[in-house]
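**Q** please find the sequence and the predicted model below.
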Amino acid sequence: MMDSGVYGPRLAAKGVSVQALQMPRGRATLSGAVRLYRLIRNIKPDVVQTWMYHSDLIGGVIGRLSGVKVICWGIRGPFDAARTPFSTKAVIWACARLSKWLPAAIISNSEYAMHAHVNAGYVPAKLVVIPNGYSVDDFRPDPAARQRIEREFNLPKGGLLLGMIARFDPHKDHENLFGALAALGAVAGSVTCLLVGAGVDSTNQTFVYLARQYGVEGVVRLLGPREDVSTIMAALDIHILSSAAESFPNVIAEAMACGTPCITADVGDAAKIVGTTGWVVPPSNSRALADAIVDGMRELRDPVKWGARKSAARNRIIHNYGIDQMVAQYNRVWSEHVNEQS
């Protein structure tokens with residue numbers, strides 16, 4: 001609905017036709033709506049699949065007006081009532097009221113998001129959970145990654161290498177992570193934590209102040225956005241997610257696919273993704289997060305146990321969250337509803 005974003009050029013390079021409506025963020029325009037109507041009328045798709053609230057509402061209504069019988073919405077969560085703009089709340093309210101008759105199916109990427117939207121008024125019978133899927137060829141173990149990352153950032157050899165891939169956002173609760181690193185005390189000297197994501201760099205004064213306040217400036221490395229996320233994940237001993245709120249955190253599954261065990265706060269579907277391959281702690285509990293890090297450090301001393309944990313993490317993603325499984329589930333939902341209209 002806006003521009004082509006990050007993935008538009010990548011899709012186009014694969015031969016996929018990409019059309020961008022150039023609407024402003026969070027606001028529909030008449031010209032964009034007219035263009036969408038004409039596109040759908042011209043393409044005559046069997047299914048219109050939309051994603052997120054404004055797209056669900058506008059794409060769903062225009063898709064139906066264009067003559068498409070099978071409209072499938074896509075949702076995820078969480079939406080924080082305190083931080084969600086009034087205009088978005090109004091769209092959510094409208095979608096909840098229209099959910100009874102407009103979409104054939106409402107696809108959620110997590111059970112957490114599904115329950116949150118039922119509570120917001122969405123019709124339960126329309127909701128289907130299809131977890132995110134991952135390419136285990138793009139995210140895979142890389143034995144040479146650790147050496148490359150140590151060399152690039154001049155990291156000490158033999159210490160514990162932690163990391164968290166997450167943009168700077170209150171939901172990600174980096175302060176919780178800083179509190180845990182500070183609570184490590186004497187062992188913190190052998191720990192390095194790589195932080196990757198938009199806004200996670202030395203130009204973010206709020207972030208720098210928090211690191212200084214908790215006394216962890218010597219422990220954390222602020223790397224900002226990176227293109228080589230899979231390499232960094234494969235180099236880590238443990239990936240941490242300290243979030244206060246999530247739906248289906250991709251970074252956990254991606255790190256696990258790289259063979260990197262995870263410590264995560266118990267938010268959204270994180271515990272379901274990790275299973276028994278990592279550690280799950282209460283959200284916003286720095287002490288529990290620190291204790292889990294210490295447990296991981298102890299187990300790292302046993303190569304056999306640690307190797308088994310790394311293999312279990314990757315195998316869990318291969319068997320439960322492969323991209324082919326996700327695609328097959330989407331195709332099944334679309335086909336079922338198209339066949340119902342035949």
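**A** Here it is on my side, so go on.
**Q** ok, how many other residues are close to Gly67?
**A** For Gly67, the count of nearby residues is 10 (other Cβ atoms under 10 Å). The way it works is simple: take the backbone N, C-alpha and C, and place the C-beta from them, glycine included.
**Q** let me know the secondary structure of it.
**A** coil (DSSP: H, G, I helix; E, B strand; the rest coil).
**Q** distance of it from Ile40?
**A** 8 Å (Cβ to Cβ, to the nearest Å).
**Q** could you do Val220 as well?
**A** In terms of Cβ to Cβ, Val220 sits 48 Å off from Ile40.
**Q** and what of Lys126?
**A** 21 Å.
**Q** circling back: mind checking which of Val220 and Ile40 has more residues around it?
**A** Neighbour comparison, Val220 and Ile40: the larger count goes to Val220, with 25 against 19 (by other Cβ under 10 Å).
**Q** ok, and the closest non-adjacent residue to that one?
**A** Cys193 (4.9 Å; Cβ to Cβ, 6 or more residues apart in numbering).
**Q** let's see the pLDDT reported for that neighbour.
**A** You'll see Cys193 listed with a pLDDT of 96.
**Q** ok, now which ones touch Trp334?
**A** With contacts defined as Cβ atoms under 8 Å, 6 or more residues apart in numbering, the neighbours of Trp334 are 46-47, 49, 70, 72.
**Q** for Ala125, see how far away it is.
**A** 18 Å.
**Q** now Met256
**A** 33 Å.
**Q** then Phe207?
**A** Counting by Cβ to Cβ - Phe207 and Ala125 are separated by 44 Å.
**Q** same question for Ser17.
**A** 34 Å.
**Q** ditto for Ser243
**A** With Cβ to Cβ as the criterion, Ser243 and Ala125 are 30 Å apart.
**Q** the two: which is more packed in?
**A** Ser243 (27 against 10).
**Q** isn't the more buried one right next to Ile165, touching?
**A** No - counting by Cβ atoms under 8 Å, Ser243 stays clear of Ile165, with 11.5 Å between them.
**Q** surely Tyr330 and Asn109 touch.
**A** No - the pair Tyr330 and Asn109 fails to qualify as a contact (Cβ under 8 Å) at a distance of 11.1 Å.
**Q** identify the contacts common to the two.
**A** What both Tyr330 and Asn109 touch, as defined by Cβ under 8 Å, 6+ apart, is the set Ile130.
**Q** helices of the stretch 101-250 of the chain, start to end?
**A** 111-119, 145-153, 174-183, 205-213, 229-235, 250-257 (DSSP state H, counting those that start in this stretch).
**Q** would JSON lines of those helices with mean neighbour count, mean pLDDT and distance to Leu300 be doable?
**A** Formatted as JSON lines, the helices of the stretch 101-250 of the chain follow (neighbours: other Cβ atoms under 10 Å; pLDDT from 0 to 100; distance: least, Cβ to Cβ, whole Å):
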{"stretch": "helix 111-119", "mean neighbour count": "19", "mean pLDDT": "92", "distance to Leu300": "31"}
{"stretch": "helix 145-153", "mean neighbour count": "15", "mean pLDDT": "94", "distance to Leu300": "13"}
{"stretch": "helix 174-183", "mean neighbour count": "23", "mean pLDDT": "96", "distance to Leu300": "17"}
{"stretch": "helix 205-213", "mean neighbour count": "14", "mean pLDDT": "92", "distance to Leu300": "25"}
{"stretch": "helix 229-235", "mean neighbour count": "22", "mean pLDDT": "97", "distance to Leu300": "14"}
{"stretch": "helix 250-257", "mean neighbour count": "26", "mean pLDDT": "97", "distance to Leu300": "16"}
